[in-house]
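J.: Show me the folded form of this:
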Amino acid sequence: MAERPGPQLYSIAAHRGFADALVAGLIPRYAEPRFGLARLTLLLPSRRAVRTVTEAFVRASGSGLLLPRMAVIGDLDLDETLGPLLDPLGAGADIPPAADTTPRWLRLAEMLREEPDHAAAAAPALLRLARKIARSMDRLAVEGIPAGELLSDRVRDLFPDLAGHWQANTRLFAVLQQKWRLELEERGEIDAPERRNRLLDHAARRWRESPPPHPVVAAGVTSASPAIARLLRVVAELSKGAVILPDLDLAMGEAVWDALGVAGAPDEADGEPFARGDAVTHPQYHLKLLLNRMGVGRGEVQPWHRSGSAAAPPERSRAISSLFLPPEASAAWIALPPERRRLSGVRLMECADPEEEAQAIALLVREALETPEKRVAVVTPDRNLAARVSAHLARWNVAADDSAGRPLSQTAAGRLVLSLADCLAERMAPVPLLAALGHPLVRMGEARAEWLERVRELDRVLRGPRPAPGLSGIARAIAGAREKPPLLPPWWRETADLLEPLDRAEDEASLAELLDRLAAVGEALCGTALWAQPDGRALAAFVEDLRDAAREAATRLDPRDLPAVLREAMEELAVRPPWGGHPRVAIYGLLEARMSRADLAICGGLVEGKWPARPAPDPLLAPALLRALGVPGADFRIGLSAHDLAAALGAPEVVLSHAARDEAGPTIPSRFLLRIRAMLGPKLLKAHRETRTVELARAVDRGEPAPAYPRPQARPSAEQRRVAISATALDRLRGDPYQFYASTILGLSPLDALDAEPSAAWKGTAVHAILERWHEQGGDLAELGARMLAAMSAHPFTKATWQPRLLRALEWIAAETARLAGEGRTPVLWEKAGAIEIDGVRIHGKADRIDRLDGALAVVDYKTGAPPTNAQVEKGFNLQLGVLGLIAAHGGFAGLSGAPERFEYWSLGRSKNSETGFGYRCEPIKEGRKLTGLPREEFLSQTEFYLRDALARWILGDEPFTARLNPDLPGYGDYDQLMRLDEWQARGDAESGGS
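T.: Coordinates of the predicted model:
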């Protein structure tokens with residue numbers, strides 16, 4: 001092949017399909033009879049691109065073909081480094097090795113800790129800031145900006161005009177950058193981006209001085225970093241070389257091209273590389289920047305005339321060019337001829353919410369698969385949407401994993417390690433402990449069923465307030481459980497031995513040692529299953545890398561900070577699925593979609609904040625400073641997102657989808673979508689709307705409306721009704737018979753939440769235990785209460801806020817009891833159960849306290865909060881005092897005789913009349929100026945009337961147990977879900993219902 005003058009640059013238009021068009025042109029141009037393409041070296045941007053182009057070669061080869069040597073230039077956005085061709089072992093002994101990124105991250109955090117303003121910061125905050133500093137350093141290195149450039153005249157001139165926080169951040173960055181540079185010099189290393197630049201320059205210099213004898217083609221590379229631009233210029237000038245760009249708009253007018261801005265080529269030698277008016281959000285801007293840095297003009301780029309098998313109509317590229325005109329030039333849409341705005345094959349789909357959008361996308365994919373050999377690509381930056389689509393496709397057994405991967409923290413292996421880290425940080429708190437013990441990877445195999453049975457038993461024991469810290473606290477909770485499964489204690493002893501490395505109270509520990517403990521406990525629980533799958537292998541590499549780096553940097557942290565540190569580090573690592581999904585379906589992120597091709601491209605999640613993503617300014621270096629240094633601003637990535645959409649629009653069929661609202665509220669359609677709507681105009685827009693699939697998505701899960709659920713009115717048999725009634729259950733029976741039915745007849749009791757805040761019932765139990773001990777032992781009640789509370793399971797915050805009030809209320813109880821004793825009133829019974837029979841039904845209750853005075857009895861009921869109102873007692877909805885009085889009057893308490901005459905609530909609530917500020921007593925008796933309550937002489941008789949009435953209606957009779965019989969009555973909502981309250985209460989439904 002004869003030498004060709006000038007650089008050889010080509011552009012493959014969006015409608016041609018880059019990978020297939022590339023292969024269609026390379027085969028006839030470079031294939032040799034016996035060697036095929038084996039002598040060709042093809043430079044590609046990423047490993048994903050290598051896979052995409054390889055698949056295109058397979059489709060185009062027919063009977064077989066020797067493939068070219070494909071080398072990866074490397075894309076830092078994809079966390080990829082140079083391929084072996086450009087980073088050979090002998091690339092040059094003068095290029096130092098690259099420093100590992102993880103040790104650098106940890107060392108920067110240690111350097112931050114040495115700064116006075118950050119000395120007291122927590123480890124997660126320091127590591128988070130260190131990661132941002134490392135990214136800023138890499139960003140400058142990629143752009144080829146030396147470390148000392150921050151001290152240059154142009155930066156110093158800008159510095160006084162910066163806001164105070166920008167000045168402080170810039171100083172901090174400069175100090176840490178210099179410290180890190182000195183450390184690198186001592187170790188004989190350089191940062192990875194700088195080494196990458198040197199290797200690229202080494203390859204460019206070597207090929208310029210000694211051109212390779214065989215063809216070299218760079219395809220699909222759009223990174224505009226200066227080092228890559230220099231290498232591409234050399235490749236383009238090789239006698240057998242070429243550079244092939246994706247989607248460079250050769251039809252764009254010169255005036256529009258110039259309107260994009262200076263793009264790294266200012267008119268003046270000392271001008272800013274990026275002017276304020278540059279259209280950095282335009283999809284062609286980064287390509288103009290690349291050409292400028294290569295030193296070539298757009299006029300030197302030739303069109304690539306080959307097309308792939310999945311090519312769109314040629315007018316599609318013209319429409320894309322019109323679509324992304326800069327703001328001033330877009331005024332031409334008014335007079336745009338139809339052929340320049342035609343988007344045949346492009347549909348716009350609007351859904352109500354992300355779930356409906358995922359369902360609609362899955363239906364589009366499923367429908368497309370009915371066409372043989374048709375390929376479908378779902379492209380979205382929204383990983384949650386991708387997961388939803390993948391789940392919906394599984395309905396039809398279509399395996400389509402998200403090729404962008406999932407963060408390691410969201411994988412099975414990652415979640416287990418994070419749960420164990422939470423166990424360590426929270427000293428075996430119930431929620432992370434049960435999450436770890438019940439994890440799917442733990443005890444896989446035949447033993448798992450029995451293991452899960454023990455975990456469920458432990459779950460029941462740990463319901464309620466958090467037990468004491470550590471494994472010993474769990475053991476005490478098991479020992480003190482009301483219902484203790486026989487197999488649970490020995491199982492827990494064995495399990496506690498496995499978890500012991502995580503049960504150490506310490507203020508600071510080595511990060512490497514903490515990781516060792518996590519790995520050891522994880523393997524003890526899961527065996528090799530923890531590391532067996534792709535996520536496990538990624539986890540093993542992550543743990544080993546972080547552990548070695550932590551050991552080298554001597555990183556120490558508070559164990560309580562470990563979960564946050566690990567979670568944030570795992571979020572940075574994506575675990576991509578292995579091959580083996582559906583051969584014609586792919587789900588891509590924006591980076592993975594580059595160079596890919598499909599017959600149907602579905603672009604989902606087209607809303608502001610996702611596509612394009614919100615610009616993330618550099619947190620350390622001001623935008624004006626970055627512009628002066630020659631670094632593209634945060635909006636530069638919007639242009640890359642626009643280019644990604646323009647590439648996707650080149651498919652034969654395209655669906656652009658978005659949801660009208662998400663979990664946060666209404667969304668704003670992507671600016672790109674709004675441009676398409678504006679360019680199409682009202683008439684064309686109506687023809688391009690995709691509504692059929694949205695209607696199908698709504699119909700897929702739409703069933704017949706369920707019949708209205710009536711108010712439950714349970715009717716158990718006469719035998720089932722004959723149950724004993726407690727003093728407290730009578731109130732529930734009269735107030736809400738269905739709750740009595742659920743709790744007493746069905747035997748259903750609500751489960752406390754794990755790690756629950758102490759409820760009123762828990763507080764009441766605690767108070768009763770303290771008072772019972774005091775009545776038995778005597779002594780200082782407040783001191784006894786403080787001692788017993790310290791030993792109880794409760795969150796420290798609860799103890800700190802509730803305990804002072806309780807102790808002052810206990811002081812009042814002690815003082816009031818002593819005062820009454822002086823009047824001849826003394827407690828004779830406390831925390832004692834009693835029972836009687838009325839109409840053949842057992843009535844039972846437990847008295848908090850009964851006092852004797854002048855031969856009569858006073859029934860006392862302690863309340864941690866406000867007592868029931870007199871009106872509630874008068875209407876028969878709070879009869880506990882009266883029922884306990886009836887039991888006492890009928891001799892139901894062993895060893896106690898006498899007639900109750902006083903019925904008192906002793907409340908521990910706030911009182912302005914109490915010397916301690918807390919505690920008062922009252923009676924629900926209608927006397928004096930009280931307008932409600934029961935007369936003292938009728939208290940027991942009226943209680944007995946209400947009791948016999950309830951027995952006759954519900955226990956001995958056949959009246960249904962109606963839900964919320966008295967809806968205005970305050971009460972507990974323990975059984976609201978069982979009675980399906982929300983389904984009928986709003987209707988005011990009083991219909992009969994089933995049991």
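J.: ok, which stretches of the stretch 701-850 of the chain are strands?
T.: Using DSSP state E, counting those that start in this stretch, the strands of the stretch 701-850 of the chain run over 713-714, 725-726, 826-838, 841-853.
J.: need these in TSV with distance to Leu934, can you?
T.: Bear in mind the C-beta positions are built from the backbone N, C-alpha and C, glycine included. Compiled in TSV, these are given as follows (distance: least, C-beta to C-beta, whole Å):
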stretch	distance to Leu934
strand 713-714	30
strand 725-726	20
strand 826-838	19
strand 841-853	18
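J.: Let me have these in TSV, extended by mean pLDDT.
T.: Listed next are the strands of the stretch 701-850 of the chain as TSV, based on pLDDT from 0 to 100:
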stretch	mean pLDDT
strand 713-714	94
strand 725-726	94
strand 826-838	94
strand 841-853	94
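J.: Put together JSON lines for the ones you listed, with distance to His643 and mean neighbour count on each row.
T.: Shown next, in JSON lines, are those (distance: least, C-beta to C-beta, whole Å; neighbours: other C-beta atoms under 10 Å):
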{"stretch": "strand 713-714", "distance to His643": "65", "mean neighbour count": "20"}
{"stretch": "strand 725-726", "distance to His643": "73", "mean neighbour count": "22"}
{"stretch": "strand 826-838", "distance to His643": "76", "mean neighbour count": "16"}
{"stretch": "strand 841-853", "distance to His643": "75", "mean neighbour count": "20"}
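J.: biggest helix in this protein, by residue count?
T.: Identified as the longest helix of the chain according to DSSP state H is helix 796-822.
J.: quick one: which of the strands of the stretch 701-850 of the chain is nearest Asn397?
T.: Asn397 lies closest, by C-beta to C-beta, to one member of those: strand 713-714, at 43.4 Å.
J.: So for Phe877, which of the strands of the stretch 701-850 of the chain sits nearest?
T.: By C-beta to C-beta (comparing all of these), the closest turns out to be strand 725-726, at 14.8 Å.
J.: Identify whichever of the strands of the stretch 701-850 of the chain lies nearest to Leu625.
T.: Using C-beta to C-beta, the strands of the stretch 701-850 of the chain put strand 841-853 closest to Leu625, at 71.9 Å.
J.: That closest one pairs with which strands, parallel or anti?
T.: Here strand 841-853 is paired, per DSSP bridges, with strand 725-726 (parallel), strand 826-838 (antiparallel), strand 856-863 (antiparallel).
J.: Out of the ones you listed, which gets nearest to Lys799?
T.: Set against Lys799 and scored by C-beta to C-beta, the strands paired with strand 841-853 come closest in strand 856-863, at 19.7 Å.
J.: before we move on, the earlier item: between the strands of the stretch 701-850 of the chain, which one is nearest to Pro213?
T.: strand 713-714 (90.7 Å).
J.: any idea how far that closest one is from the chain center?
T.: 42 Å (C-alpha atoms, centre = their mean, to the nearest Å).
J.: which helices and strands does it pack with?
T.: Applying 3 or more C-beta pairs under 8 Å, 6 or more residues apart in numbering; DSSP states H and E, one finds that strand 713-714 contacts strand 961-962.
J.: The residue nearest to Leu248 when sequence neighbours are not counted in helix, strand or coil?
T.: Nearest residue to Leu248 in three dimensions, chain neighbours excluded: Ser11, at 3.7 Å (C-beta to C-beta, 6 or more residues apart in numbering). For Ser11, the secondary-structure state derived from DSSP: H, G, I helix; E, B strand; the rest coil is strand.
J.: Verify the stated contact: Ser11 with Gln302.
T.: Yes: if you go by C-beta atoms under 8 Å, Ser11 and Gln302 touch, sitting 7.5 Å apart.
J.: When these two are compared, which one has more neighbours?
T.: Neighbour tally, Ser11 and Gln302, criterion other C-beta atoms under 10 Å: the higher count belongs to Ser11, 21 against 13.
J.: Quick one: low-confidence residue ranges for the stretch 501-650 of the chain.
T.: For the stretch 501-650 of the chain, the stretches with pLDDT under 70 are 579-580.
J.: thinking again about what came up before, average model confidence for the longest helix of the chain?
T.: Per-region confidence: helix 796-822 scores 86 on mean pLDDT.
J.: how long is stretch 136-149 end to end?
T.: End-to-end span of stretch 136-149 (C-alpha to C-alpha, to the nearest Å): 14 Å.
J.: Which residues does stretch 52-68 contact?
T.: Stretch 52-68 has contacts (C-beta atoms under 8 Å, 6 or more residues apart in numbering) with 19-20, 22-24, 26-27, 30-31, 35-42, 44, 70, 219-220, 308-309, 595-597.
J.: Can you select the buried ones from these in PyMOL?
T.: In PyMOL syntax, the buried subset of the contacts of stretch 52-68 is picked out as below (16 or more other C-beta atoms under 10 Å):
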select buried, resi 19+20+22+23+24+26+27+30+31+36+37+39+40+41+42+44+70+219+220+308+309+595+596+597
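J.: Show me the contacts of stretch 52-68 that map onto strands.
T.: Among those, the members found in strands (DSSP state E) are Thr41, Leu42, Leu44, Met70, Ala219.
J.: closest to Leu625 among these?
T.: Distances from Leu625 to these, taken by C-beta to C-beta, are shortest for Leu44, at 34.2 Å.
J.: Quick check: bridge partners of that closest one?
T.: Val72.
J.: With Thr962 instead?
T.: Going by DSSP bridges, Thr962 is paired in beta bridges with Gln713.
J.: Can you give me every residue that contacts it?
T.: Counting by C-beta under 8 Å, 6+ apart, Thr962 makes contact with Arg711, Pro712, Gln713, Pro737, Tyr738.
J.: where in the protein is pLDDT low?
T.: In the chain (pLDDT under 70), the answer is 1-5, 63, 74-93, 269, 308-312, 339-340, 579-580, 793-798, 971, 987-995.
J.: and the spatially most central residue of it, how far is that from Asp382?
T.: With distances taken as C-alpha atoms, centre = their mean, the residue of the chain nearest its centroid is Gln410 (8.2 Å). Relative to Asp382, Gln410 is positioned 14 Å away (C-beta to C-beta, to the nearest Å).
J.: Same check on Ala766?
T.: 48 Å.
J.: thought Pro501 was touching Arg517?
T.: Yes: with contacts counted by C-beta under 8 Å, Pro501 reaches Arg517, the gap being 4.2 Å.
J.: Compare these two and say which is more crowded by neighbours.
T.: Arg517 (21 against 18).
J.: is it true that that one lies in a helix?
T.: Yes: using three-state DSSP, the secondary structure at Arg517 is a helix.
J.: show me the contacts for it.
T.: Contacts of Arg517 (C-beta under 8 Å, 6+ apart): Leu424, Pro501, Leu502.
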